[in-house]
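**Q** Next input, structure requested:
(one chain, ligands or ions: 1)
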Amino acid sequence: MANPSNNSNPIWHPFALHPQEKLPQVIKAYGIWLELANGKKIMDCISSWWVNIHGHCHPEIIEAITNQAKSLDQIVFADFSHESADNLAQGLLEILPSNMAKLYFTDDGSTSVELALKLAYQYWQNIGLTAKTKFIGFSDGYHGDTVGAMSLGQSSIFTRKFNQLMFNIEIIDYPKIYFNDSKITPKNDTVLAQIKTLFEQKANEIAGIVIEPLIQGAGGMNMCSVSFLQDLAKLCKTYNVLLIYDEVLTGFGRTGDYFAATKSQTRPDLICLSKGITGGILPLAATVMSQAIFDTFDTVELTKRFFHGHSYTANPIACAAAVKSLELLKRNHGQFNNMENIHIDLYKRYLAPNIYIKNYRVCGCIAAFDLNTKLNLETDYGNNLSQLLKENLLAAGLLFRPLGNVVYIMTPYCITANELELIYNTLTTKINALFTSYAKLNK
Ligand SMILES: Cc1ncc(COP(=O)(O)O)c(C=O)c1O
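**A** You can find the predicted model right below:
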């Protein structure tokens, strides 16, 4: 039923029902903390939509931004370059897999994926294999809200309304694994066999396969194994299909290594980067590619040129933030490298004994679990139970955004072990309280 809103709030917030009142205003952010106008302090347990990696308002990034803004604010990147873009490209290529050679800037995760799709598509056109036009994606994949990115994620509840606008893809199961899972190999084998069959039948039509490597974000913080990626990479090589990593979430330390590609020691053909690229302070994205892909565009032939660009491509202030963020990431390597061990220890102490949670999984700096209820993400997105949990956690000073029944922890890397312990402790207390009162209500 329609829910006509008679409030005068002019702002329409993403993914939200139009709020009846203005949402709370955040007036300050520092480290892992957000401060509201009413003085309340909240711990940012989701890195402000997964972008913030070094903590809010990091003084060194703020200084880099300020200095850049004083000298060069914005420039048309089709005709000029600038020092921050050059330094960023150099710094990124130093830590990306060694086959990555060229980098194309865009503005956000969705456009970095659009770009990868267009590059992959035109690559095959440029070399004359014009039938290779189809893409493969994974169940529960999420790659953004532009039409190409939505097409890849078309198994999701978010995109179903737009089915007629989107191009068709083949969808493969994501081989989900959990902590201490003993079924990793059989799960991988089943999915790899599915992919092999598809490649055997249709590789001459398939341009690329796009995956959120090691961790699928919005589809439920699902995780797959390193060995799955390694075998997938081998299949792509054998059947001449481009392997595209959407590392918009997994990039910049989230997996415990710089990238899922470096952690798995795989060499995709294209990698999409955004979110943590600037430390989570300004919007920026880049799609990185192998020399072989770039070479097919590097010609005077007009028909092979890549006609694509955005007004704010490689904005100097965003690039300056990214250069400094990369420097911090390299300097503080130990922080994100060690976080998985801390999560596992806390899981064993606080969550493992909790009967109301199941399917704990962890990869690097991201830990997730499912609430043990019969509700499911498909039909109950934003269901009452997780909504109540979100509200109770917020009242206790913790910012969470469950994805259906999935609760995840994804803090900036500067969080201390004690602060992380406080999160696990509060989570288990609030989950116990919620399930106990919910059970009473439903008797
Ligand atoms: C894996 C992945 N790709 C792409 C996107 C889209 O990024 P953006 O919201 O910056 O467009 C997201 C956003 O959550 C994501 O998690």
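
**Q** now Leu96: how far from Thr106?
**A** Going from Leu96 to Thr106 by CB to CB, to the nearest Å gives 17 Å. No exception for glycine: its C-beta is placed from N, CA and C like everyone else's.

**Q** Compare the two and say which is more crowded by neighbours.
**A** Thr106 (26 against 22; other CB atoms under 10 Å).

**Q** what about the closest residue to that one other than its chain neighbours, neighbour count?
**A** If the residues on either side of it in the chain are set aside, Thr106 comes closest to Ala285, at 4.5 Å by CB to CB, 6 or more residues apart in numbering. Residue neighbour count, defined by other CB under 10 Å, stands at 27 for Ala285.

**Q** now the closest residue to Asp145 other than its chain neighbours: how far from Ile136?
**A** In space, and not counting its chain neighbours, Asp145 is closest to Ser110: 5.7 Å by CB to CB, 6+ apart. With distances taken as CB to CB, Ser110 is found 19 Å from Ile136.

**Q** Find the closest residue to the ligand in the stretch 1-150 of the chain.
**A** In the stretch 1-150 of the chain, the residue that lies nearest the ligand is Gly109 (2.1 Å; CB to the nearest ligand atom).

**Q** could you pull out the helices for the stretch 51-200 of the chain?
**A** Counting by DSSP state H, counting those that start in this stretch, the stretch 51-200 of the chain has helices at residues 59-71, 83-95, 109-126, 147-152, 184-202.

**Q** Could you export these as CSV, including mean neighbour count and mean pLDDT?
**A** Compiled in CSV, the helices of the stretch 51-200 of the chain are given as follows (neighbours: other CB atoms under 10 Å; pLDDT from 0 to 100):
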stretch, mean neighbour count, mean pLDDT
helix 59-71, 15, 98
helix 83-95, 18, 98
helix 109-126, 24, 98
helix 147-152, 23, 95
helix 184-202, 15, 97
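
**Q** Of all the ones you listed, which one comes closest to His333?
**A** helix 83-95 (10.0 Å; CB to CB).

**Q** for the residue lying closest to Ile281 once chain neighbours are set aside, what are its contacts?
**A** Among residues not flanking Ile281 along the chain, Ala321 sits closest, at 5.0 Å (CB to CB, 6+ apart). Counting by CB atoms under 8 Å, 6 or more residues apart in numbering, Ala321 touches Ile61, Ala64, Ile65, Gln68, Thr278, Gly279, Ile281, Leu282, Leu284.

**Q** Could you do Leu198 as well?
**A** Contacts of Leu198 by CB under 8 Å, 6+ apart are Ile136, Glu170, Ile172, Ile206.

**Q** count of neighbours near Glu247?
**A** With other CB under 10 Å as criterion, Glu247 counts 32.

**Q** so it touches Leu273, yeah?
**A** Yes: if you go by CB atoms under 8 Å, Glu247 and Leu273 touch, sitting 5.7 Å apart.

**Q** who in the stretch 251-400 of the chain is up against the ligand?
**A** Ser274 (CB under 6 Å from any ligand atom).

**Q** Which parts of the stretch 251-400 of the chain are strands?
**A** Counting by DSSP state E, counting those that start in this stretch, the stretch 251-400 of the chain has these strands, from start to end: 270-273, 285-290, 357-363, 366-371, 398-399.

**Q** Mean neighbour count, those strands: which tops it?
**A** Most buried of those by mean neighbour count (mean count of other CB atoms under 10 Å) is strand 270-273; its value is a mean of 28.

**Q** where's it relative to the chain centroid, distance-wise?
**A** Centroid separation between strand 270-273 and its chain, computed with CA atoms, centre = their mean, to the nearest Å, is 11 Å.

**Q** which other helices and strands contact it?
**A** Using 3 or more CB pairs under 8 Å, 6 or more residues apart in numbering; DSSP states H and E as the contact test, the elements touching strand 270-273 are helix 109-126, strand 242-246, strand 285-290.

**Q** Mind putting the ones you listed into a markdown table with distance to Thr296?
**A** Below are the helices and strands packed on strand 270-273 laid out as a markdown table (distance: least, CB to CB, whole Å):
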| stretch | distance to Thr296 |
| --- | --- |
| helix 109-126 | 4 |
| strand 242-246 | 12 |
| strand 285-290 | 10 |
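
**Q** How about residues contacting stretch 322-334?
**A** 53-54, 58, 60-61, 63-64, 84, 87-88, 91-92, 95, 252-253, 258, 276-279, 281, 284, 336, 413-414.
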